[in-house]
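A.B. asks: with the sequence up front, the predicted model follows.
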Amino acid sequence: MTSHVELTEAGFDPAARLAAFTASLDGEGAVVSFTGHARGAAKDGRPVAALVLESYRGVTLASMQSIAADAHARFNITRSHVVHRCGAIRPGEAIVFVATASAHRRAAFEAADYLMDRLKTEAVFWKREDGPDGSRWIEPTEADQADLARWTAKQD
Amino acid sequence: MTSHVELTEAGFDPAARLAAFTASLDGEGAVVSFTGHARGAAKDGRPVAALVLESYRGVTLASMQSIAADAHARFNITRSHVVHRCGAIRPGEAIVFVATASAHRRAAFEAADYLMDRLKTEAVFWKREDGPDGSRWIEPTEADQADLARWTAKQD
Amino acid sequence: MASTTLRIELCGRLAEACGREVDLDLPEAGLPVAALLTALGDVYPVLGDALGRGRIRACVNETIVPPATVVRPGDQVALFPPVSGG
Amino acid sequence: MASTTLRIELCGRLAEACGREVDLDLPEAGLPVAALLTALGDVYPVLGDALGRGRIRACVNETIVPPATVVRPGDQVALFPPVSGG
């Protein structure tokens, strides 16, 4: 099992991450990736100049590592790569990238899906949309909570 | 809606495909990719020197296009990219790459998952493992059929 | 009764027994796919087993067709065993 | 009764009302997290509303702790509103 978990203030390139992840494969047949990009508009349509992600000391990275460890314990994946930005992120830029690899595709899909649901709701970040008409803090949506609940409902 | 569907005998680079797909985004917040890689061993452990995918004239590409169109009809995705190799594929090389983009992540995850389940069982390819001890044709597994059945069971 | 020769492409594992292409005499009026599979099994007994399993689909002029479809002289015909991509 | 000053970090939207750090007098024996939140709301009424909603977690020395945990002088304390990554 190989797990790379990274918190970075610098921008990163999802395709470069996928290239490195793919180069690290050791015979796996399936790779799933997810990239979350900052959007230029809030849910209500207001323009967003930057998404600002606040983190807290070692706790944020530790929360990401714990989530990644849980994914490896729960799904039959052989390697994972998780990178999450903090600081100010402009529209279009990548916020989070997750990649998973497994022998067969179901485990890779489920693990990536699970990682994202837990990162959205349990990773230690506080998220704020800054726009011309002020700032607004964003908490997990009901859809995020419902997505998370899928994993406690069905213990595979 | 933008859909790119491609059948190619040449090798391709999944990361380069993700880079191009990401560059084409128009404000979407979520991108999911899947890459299937040829494995160096069959299910029973026998070594595989090459995976050979046979296609049939225009029918193979048309079957892929139909599957992609169904994914767009069924899920709230804004763009997709599907590339599938045919011919001889060596272990480690990419066989198939799927990328989907949507405003929120659930649609992108589900559409990529759906695309792969249908490509595995309904795209017009015949797949053969060539090894030192001969060739063997591969048909969809029971797991593949069960994966496909998920989408007819739950009509979201 | 006049007949012509129909060339049939065999895809995937169907090509293992006697190559990628086989010829079959076809009546001018054509034959439904189901009857064509039976006739092919009669002429090429080595194919009979694979053809008889009921999992072979015919593709006529680049369209997969139901068993009742009539194949006529000049059609471009291929036989598909179960497919598998990815 | 002897007391020391505890510096508390306020994360996310908690920092909006009175900045990222606030000070609170803490008894030498310490205070459970729940009591610390109440005391903080008394000293900084503008925080009371946010603190009272029951959704604030305390992080002591880089570990998120339950409300019964006693915070002692010298601890590194931060208050977390609901988190959201991605």
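C.D. replies: Received, thanks.
A.B. asks: residues contacting the residue of chain A most remote from its centre?
C.D. replies: The C-alpha centroid of chain A is most remote from A:Asp133, which lies 27.8 Å away (CA atoms, centre = their mean). Neighbour list for A:Asp133: A:Arg46 [criterion: CB atoms under 8 Å, 6 or more residues apart in numbering or on different chains]. For glycine as for every other residue, the C-beta is placed from the backbone atoms N, C-alpha and C.
A.B. asks: with the one 10 residues further on instead?
C.D. replies: A:Ala143 sits next to B:His104, B:Arg106 when contact means CB under 8 Å, 6+ apart.
A.B. asks: tell me the SS of it?
C.D. replies: Using DSSP: H, G, I helix; E, B strand; the rest coil, the three-state assignment for A:Ala143 comes out as helix.
A.B. asks: okay, it: pLDDT?
C.D. replies: You'll see A:Ala143 listed with a pLDDT of 91.
A.B. asks: relative to B:Arg106, how far out is it?
C.D. replies: Counting by CB to CB, to the nearest Å, the gap from A:Ala143 to B:Arg106 is 7 Å.
A.B. asks: neighbours of residue 83, how many?
C.D. replies: I'll assume chain A. By other CB atoms under 10 Å in any protein chain shown, the residues close to A:Val83 number 20.
A.B. asks: hmm, I had chain C in mind actually
C.D. replies: Residues near C:Val83, counting by other CB under 10 Å: 26.
A.B. asks: could you find the closest non-adjacent residue to residue 24?
C.D. replies: Let's take chain A. What sits nearest to A:Ser24 in space, not counting adjacent residues and going by CB to CB, 6 or more residues apart in numbering or on different chains, is A:Arg79, at 6.6 Å.
A.B. asks: sorry, should have said chain C
C.D. replies: Closest residue to C:Leu24 apart from its sequence neighbours, by CB to CB, 6+ apart: C:Leu6 at 5.1 Å.
A.B. asks: isn't the one you found up against C:Val71?
C.D. replies: Yes: judged on CB atoms under 8 Å, C:Leu6 makes contact with C:Val71 at a distance of 7.0 Å.
A.B. asks: what residues are shared contacts of those two?
C.D. replies: With CB under 8 Å, 6+ apart as the test, C:Leu6 and C:Val71 both reach C:Leu26, C:Val77.
A.B. asks: give me the phi and psi for the closest residue to C:Asn61 other than its chain neighbours.
C.D. replies: In space, and not counting its chain neighbours, C:Asn61 is closest to C:Gln76: 5.2 Å by CB to CB, 6+ apart. Main-chain torsions, C:Gln76, degrees, to the nearest 10: phi -100, psi 110.
A.B. asks: just name the shakiest helix or strand of chain A by mean pLDDT.
C.D. replies: The helix or strand of chain A with the poorest confidence is helix A:142-153; it has a mean of 91 (mean pLDDT, DSSP states H and E).
A.B. asks: where do the strands of chain A begin and end?
C.D. replies: A:2-8, A:30-37, A:50-54, A:79-85, A:87-89, A:94-102, A:126-131, A:134-138 (DSSP state E).
A.B. asks: compile these into JSON lines and extend it with columns for mean pLDDT.
C.D. replies: JSON lines is the format used below for the strands of chain A (pLDDT from 0 to 100):
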{"stretch": "strand A:2-8", "mean pLDDT": "97"}
{"stretch": "strand A:30-37", "mean pLDDT": "98"}
{"stretch": "strand A:50-54", "mean pLDDT": "98"}
{"stretch": "strand A:79-85", "mean pLDDT": "98"}
{"stretch": "strand A:87-89", "mean pLDDT": "98"}
{"stretch": "strand A:94-102", "mean pLDDT": "98"}
{"stretch": "strand A:126-131", "mean pLDDT": "97"}
{"stretch": "strand A:134-138", "mean pLDDT": "93"}
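A.B. asks: quick check: pLDDT value at A:Asp156.
C.D. replies: Looking at A:Asp156, its pLDDT is 50.
A.B. asks: what do you get for C:Met1?
C.D. replies: Looking at C:Met1, its pLDDT is 62.
A.B. asks: the residue in chain A that chain D sits nearest to: how many residues sit nearby?
C.D. replies: Distances between chain A and chain D by CB to the nearest CB are smallest at A:Trp126, namely 3.0 Å. A:Trp126: 25 surrounding residues under other CB under 10 Å.
A.B. asks: contacting residues around it?
C.D. replies: Residues counted as contacts of A:Trp126 (CB under 8 Å, 6+ apart) are A:Leu53, A:Glu54, A:Trp137, D:Cys11, D:Gly12, D:Arg13, D:Pro81, D:Val83, D:Ser84.
A.B. asks: give me that answer again for 6 Å
C.D. replies: A:Trp126 sits next to A:Glu54, D:Cys11, D:Gly12 when contact means CB atoms under 6 Å, 6 or more residues apart in numbering or on different chains.
A.B. asks: check C:Arg55 too.
C.D. replies: C:Pro82.
A.B. asks: ok, it to C:Ala78 distance?
C.D. replies: 15 Å.
A.B. asks: check chain C for its longest helix and report it.
C.D. replies: Assignment by DSSP state H gives helix C:33-43 as the longest helix of chain C.
A.B. asks: pull out the buried residues from that one.
C.D. replies: C:Val33, C:Leu36, C:Leu37, C:Ala39, C:Leu40, C:Gly41 (16 or more other CB atoms under 10 Å in any protein chain shown).
A.B. asks: equivalent analysis for stretch A:8-18, please.
C.D. replies: By 16+ other CB under 10 Å, the buried positions in stretch A:8-18 come out as A:Phe12, A:Asp13, A:Pro14, A:Ala15, A:Arg17, A:Leu18.
A.B. asks: okay, now the unreliable bits of chain C?
C.D. replies: Residue ranges of chain C with pLDDT under 70: C:1.
A.B. asks: in it, what residue comes closest to chain D?
C.D. replies: Nearest residue of chain C to chain D (CB to the nearest CB) works out as C:Gly86 at 28.5 Å.
A.B. asks: just the element for that residue, please.
C.D. replies: Using DSSP states H and E, C:Gly86 sits within no helix or strand.
A.B. asks: excluding residues flanking it in the chain, which one is nearest A:Gly87?
C.D. replies: A:Glu9 (4.3 Å).
A.B. asks: ugh, wrong one, C:Thr38
C.D. replies: Closest to C:Thr38 by CB to CB, 6+ apart is C:Leu51, at 7.9 Å.
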